[in-house]
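Participant: can't give you the sequence, but here's the structure:
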């Protein structure tokens with residue numbers, strides 16, 4: 001299909017009358033809606049001259065219930081004198097979701113993460129055992145790890161002081177005995193009660 005001068009003039013006329021691209025395509029025949037839109041764009045006709053802007057939507061009217069809540073109810077004169085004046089609360093403040101206010105801060109790559117709260121706190125005995133084990137650790141790099149070495153990471157991966165434990169693993173686990181004690185903690189008593 002080629003765009004003849006007659007077809008282009010018909011397209012311009014219908015477009016300026018406010019016809020949709022689908023209606024124009026149907027009238028022209030053997031042309032798709034997308035082809036009409038493309039031609040309109042290439043001709044620079046995207047702003048319709050006599051048409052009212054359909055994109056401008058009227059502002060939504062507040063629901064009657066919300067409007068009634070926003071209006072202060074008249075009170076008897078005796079009660080009005082006793083109550084302190086309430087501060088005006090804007091509708092924007094009410095509609096702001098708490099989730100939007102509680103967004104987490106984005107931490108750039110390479111920066112250490114802040115300490116995360118733990119549901120189950122690690123026992124002091126387990127920490128003492130881990131500290132003792134880490135002094136005996138083999139301090140392996142990623143390329144030196146095998147299925148028989150503890151894969152517990154120690155330090156910040158962005159620094160040269162980062163290493164893996166490397167001690168023999170506990171049967172069926174990826175870590176040594178001390179690190180298994182930290183990584184796989186028993187369920188809390190509250191979870192046990194739910195079962």
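Facilitator: Happy to help now that I have it. Every value quoted in this text rests on a predicted model; they were computed, and no experiment measured them. Residues are numbered from 1 along each chain as shown.

Participant: Quickly list the domain ranges of the chain.
Facilitator: 5-43, 124-183 (automatic domain parsing).

Participant: List the buried residues for the shortest one?
Facilitator: Of the residues in domain 5-43, 7, 11, 14-15, 19, 21, 24-25, 28, 31, 35-37, 39-40 count as buried by neighbour count, 16 or more other Cβ atoms under 10 Å. The way it works is simple: take the backbone N, C-alpha and C, and place the C-beta from them, glycine included.

Participant: Which parts of the chain are helices?
Facilitator: 5-16, 21-28, 33-43, 64-70, 77-82, 91-95, 98-101, 124-136, 177-183, 189-194 (DSSP state H).

Participant: quick one: which of the ones you listed has the weakest pLDDT on average?
Facilitator: When the helices of the chain are compared by mean pLDDT, helix 91-95 comes last with a mean of 48.

Participant: Closest one of the buried residues of domain 5-43 to residue 112?
Facilitator: residue 37 (51.4 Å; Cβ to Cβ).

Participant: so who does the closest one touch?
Facilitator: residue 21 (Cβ atoms under 8 Å, 6 or more residues apart in numbering).

Participant: coming back round to it: now the domains of the chain in a markdown table, with distance to residue 107?
Facilitator: As requested, the domains of the chain are exported to a markdown table (distance: least, Cβ to Cβ, whole Å):
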| stretch | distance to residue 107 |
| --- | --- |
| domain 5-43 | 43 |
| domain 124-183 | 12 |
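
Participant: can you tell me which residues contact the closest residue to residue 138 other than its chain neighbours?
Facilitator: Distances taken as Cβ to Cβ, 6 or more residues apart in numbering place residue 166 nearest to residue 138, at 3.2 Å, with adjacent residues excluded. Taking Cβ under 8 Å, 6+ apart as the contact definition, residue 166 lies against 137, 138, 139, 140, 144, 145, 149, 150.

Participant: Could you rerun that using 7 Å?
Facilitator: Counting by Cβ atoms under 7 Å, 6 or more residues apart in numbering, residue 166 touches 137, 138, 139, 140, 149, 150.

Participant: PyMOL command to pick out the buried ones of the residues you listed?
Facilitator: The buried residues among the contacts of residue 166 can be selected in PyMOL (16+ other Cβ under 10 Å) with this line:
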select buried, resi 137+140+149+150
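
Participant: a markdown table for the contacts of residue 166, including distance to residue 177?
Facilitator: What follows is the contacts of residue 166, written out as a markdown table (distance: Cβ to Cβ, whole Å):
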| residue | distance to residue 177 |
| --- | --- |
| 137 | 13 |
| 138 | 15 |
| 139 | 18 |
| 140 | 17 |
| 149 | 13 |
| 150 | 9 |
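
Participant: Please convert the contacts of residue 166 to a markdown table, extending it with pLDDT and distance to residue 109.
Facilitator: Supplementary listing: these in a markdown table, determined by pLDDT from 0 to 100; distance: Cβ to Cβ, whole Å:
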| residue | pLDDT | distance to residue 109 |
| --- | --- | --- |
| 137 | 85 | 27 |
| 138 | 87 | 28 |
| 139 | 88 | 25 |
| 140 | 90 | 24 |
| 149 | 93 | 27 |
| 150 | 92 | 26 |
